[in-house]
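S.K.: Below are the sequence and a predicted model for it; my questions follow.
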Amino acid sequence: MGGAALFLLAAALLCISGASDDLRQSDVAVVLGNAVSRDGSPSPRLAARLDAAVTVWVDRRVGAIIVSGGVDRNGTDEAAAMRRYLVARRVPDAAIVVDPKGATTWETARNTAAIMRARNWRTVMVISQYFHIPRTRLALARFGVEDARSAHPAYLESRDLYSIAREVIGYPAYWFRDPTA
């Protein structure tokens, strides 16, 4: 019973933390990838993330947007699909940095930290589902990015219950993961 209570408490804390947006001005936003259809259109979950990125861009809260994703087994490039979606919504192509090697949250954090160092950016706004933001911010910190703000889309689905449970396990795993390995 105590284990279940601890698990639920951890889940609640992760959700509250991730749902507490920090919309202060940031050098760049990073949008974490998600499923893309075979026709190249983002899944509803990914489209919601991208719409949140468009909002912070239009509101001039970020100066650029990193789109980070991998290539799935069908050869669909998440990051390229994300770039197309943003450009179609009038985000200038020059303001978009494509990270095609962000297949996992860890890889996205590593790549984002490298991009930020190369461009002398200090602040990042993480855009993902509310439950995913704490682990992403932790991963960024493990790679030296200490100032990570956040924005989450207002998109909920039943699958979130599974995802929240996964984050309760994933967060401590990232806490102990060695960024040099």
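M.R.: Happy to help now that I have it.

S.K.: ranges for the helices of the chain?
M.R.: All helices of the chain, identified by DSSP state H, fall at 2-19, 44-58, 78-88, 105-119, 133-142, 160-176.

S.K.: With mean neighbour count, distance to residue 94 and mean pLDDT added, can I get those helices in a markdown table?
M.R.: C-betas here are computed from N, CA, C, even on glycine. As requested, these are exported to a markdown table (neighbours: other CB atoms under 10 Å; distance: least, CB to CB, whole Å; pLDDT from 0 to 100):
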| stretch | mean neighbour count | distance to residue 94 | mean pLDDT |
| --- | --- | --- | --- |
| helix 2-19 | 13 | 30 | 86 |
| helix 44-58 | 20 | 12 | 98 |
| helix 78-88 | 21 | 10 | 98 |
| helix 105-119 | 19 | 13 | 98 |
| helix 133-142 | 23 | 24 | 97 |
| helix 160-176 | 15 | 33 | 92 |
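
S.K.: wait, which of these is closest to residue 98?
M.R.: helix 78-88 (4.8 Å; CB to CB).

S.K.: tilt between the closest one and helix 105-119?
M.R.: Using axes from the mean of the first three to the mean of the last three CA atoms, to 10 degrees, the inter-axis angle of helix 78-88 relative to helix 105-119 is 60 degrees.

S.K.: ok, residue 30 - contacts?
M.R.: With contact set as CB atoms under 8 Å, 6 or more residues apart in numbering, residue 30 has these partners: 65, 66, 67, 68, 108, 112, 124, 125, 126, 127.

S.K.: distance of the closest residue to it other than its chain neighbours from residue 50?
M.R.: The shortest distance from residue 30 to any non-neighbouring residue, by CB to CB, 6 or more residues apart in numbering, is to residue 66 (4.3 Å). According to CB to CB, to the nearest Å, residue 66 stands 12 Å off from residue 50.

S.K.: gap between stretch 126-140 and the chain center?
M.R.: Distance of stretch 126-140 from its chain centroid, counting by CA atoms, centre = their mean, to the nearest Å, is 6 Å.
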